[in-house]
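In: sequence plus the predicted model coming up.
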Amino acid sequence: MSLASALVSVIIDAVRKTARPMLRDFGEVAQLQVSRKGPGDFVTAADIKAEDTLYELLMKARPGYGFLGEERGMIEGTDKSHTWVVDPIDGTTNFMHAMPHFAITVGLQRYAPDGSSEIVAGVTYNPIMNELFWAEKGKGCYLNDQRIRVSGRRDLSESLIATGLPFIGKTGHAQSIKDIHAVGQRVAGIRRLGSAALDFAWVACGRFDAYYERNLKPWDVAAGILFVTEAGGQVTTIDNDGDPKTGVSILASNPELHPRLRKVLQAS
C-alpha cells in the first residue's frame with residue numbers, strides 16, 4: 001500500500017496481523033460444521049482473540065488513544081481527541097457458518113474542542129478474498145492499490161441495494177420487512193449478505209448502488225461512512241436528523257439515488 005499514510009499503514013498492519021490466526025480459525029470452523037457441538041463457542045473465542053490483538057497493536061502504535069470495541073466496550077484514553085472504533089469480526093454469523101463474507105474493520109474518530117467529531121481514517125479487510133478497503137479524510141478511498149468510486153446509476157429501478165435484517169434477540173423485524181417491501185417494489189434487487197462493514201465498502205466501489213440498515217452500532221459504520229463519502233457518495237441517517245456515526249439508521253448511496261431512496265424509507 002505505497003499510497004497509504006503512516007496513520008493508515010498502522011491500521012493496515014494491525015488488521016493484517018489480526019487476520020493471520022483468523023484464517024486458521026476459519027479453516028477450523030469449516031470442520032466444526034459437522035460436529036454436534038457446533039462452532040459457536042469456538043467463534044466467540046476467535047472474536048475475543050481478534051479484538052485483543054487489535055487492541056494490543058493499535059494501542060502500541062498510538063498510546064493514549066481511546067478504544068471502542070464490540071467486545072470490550074469503551075475504554076477511555078489519555079488522549080481525549082482520538083478513539084479507535086473496532087469490530088474484530090463483522091459478519092460473525094457468516095464466519096460461524098464457514099461463509100467467506102466477513103471482515104475486520106477499524107475506524108479512527110477524531111474529536112474537536114467543541115465536542116463534534118469525524119472519522120478521519122478507516123480500514124476494512126476481508127481476509128478470505130484478500131480485499132482491503134481503506135481511506136483517509138480528504139485523500140480518497142481505495143481497494144488494495146486502486147482508487148474506487150461509487151456507482152453513477154440514477155434510476156432506482158436499475159439499482160442493486162444492500163440491507164441487513166435483525167437476528168434473534170434484536171428488535172426491528174417488523175420495520176425491516178416494511179422497508180424491504182417498500183424498497184423492493186422500486187429497485188432491481190435487494191441483497192442481504194450479513195456484513196455491514198462490507199456493505200459500505202461495496203457501495204464505495206460501486207458493487208452496490210446503495211445500502212440501508214436500522215439499529216446498527218458505531219463499530220459497524222465508522223470506517224464505512226468514510227469510505228462512501230471519500231468515494232463520492234453520501235451517508236445520512238434515514239430520518240431527517242441524527243448522526244450517522246451512532247449507527248441508529250443509515251443510508252449510504254451515490255448522490256443521485258440518495259434523496260429518492262431516503263424518501264421511500266421514510267414513508268415505509
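Out: Okay, I see it.
In: low-confidence stretches in this protein?
Out: 1-2, 32-42 (pLDDT under 70).
In: ok, the most centrally placed residue in the chain - contacts?
Out: Computing the C-alpha centroid of the chain and ranking residues by C-alpha atoms, centre = their mean puts Ala197 first, at 1.9 Å. Residues near Ala197 by C-beta atoms under 8 Å, 6 or more residues apart in numbering: Asp87, Asp90, Gly91, Ala103, Thr105, Thr124, Asp220, Ala223, Gly224. Yep, even glycine has a C-beta here, placed from its N, CA and C like the rest.
In: kindly report the same for Tyr125.
Out: Ile12, Val15, Arg16, Ala19, Ala103, Ile104, Thr105, Glu131, Leu132, Phe133.
In: okay, the first one and Ala61: tell me how far apart.
Out: The spacing between Ile12 and Ala61, counted by C-beta to C-beta, to the nearest Å, is 11 Å.
In: swap in the third one?
Out: With distances taken as C-beta to C-beta, Arg16 is found 13 Å from Ala61.
In: with the fifth one instead?
Out: For Ala103, the distance to Ala61 equals 20 Å [C-beta to C-beta].
In: and the residue nearest to the centre of the chain, how far from Tyr125?
Out: Separation of Ala197 from Tyr125 (C-beta to C-beta): 9 Å.
In: filter the contacts of Ala197 down to just the ones in strands.
Out: Using DSSP state E, the subset of those located in strands is Asp87, Asp90, Ala103, Thr105, Thr124.
In: of all these, which comes closest to Gln266?
Out: The closest of those to Gln266 turns out to be Asp90 (C-beta to C-beta; 26.6 Å).
In: show the contacting residues for that closest one.
Out: Per C-beta under 8 Å, 6+ apart, neighbours of Asp90: Phe102, Ala103, Ile104, Thr105, Thr124, Ser195, Ala196, Ala197, Leu198, Trp219, Asp220.
In: helices of the stretch 1-150 of the chain, start to end?
Out: 6-32, 40-61, 92-96 (DSSP state H, counting those that start in this stretch).
In: and of those, who's closest to Asp145?
Out: Comparing these by C-beta to C-beta, helix 6-32 comes nearest, at 11.6 Å.
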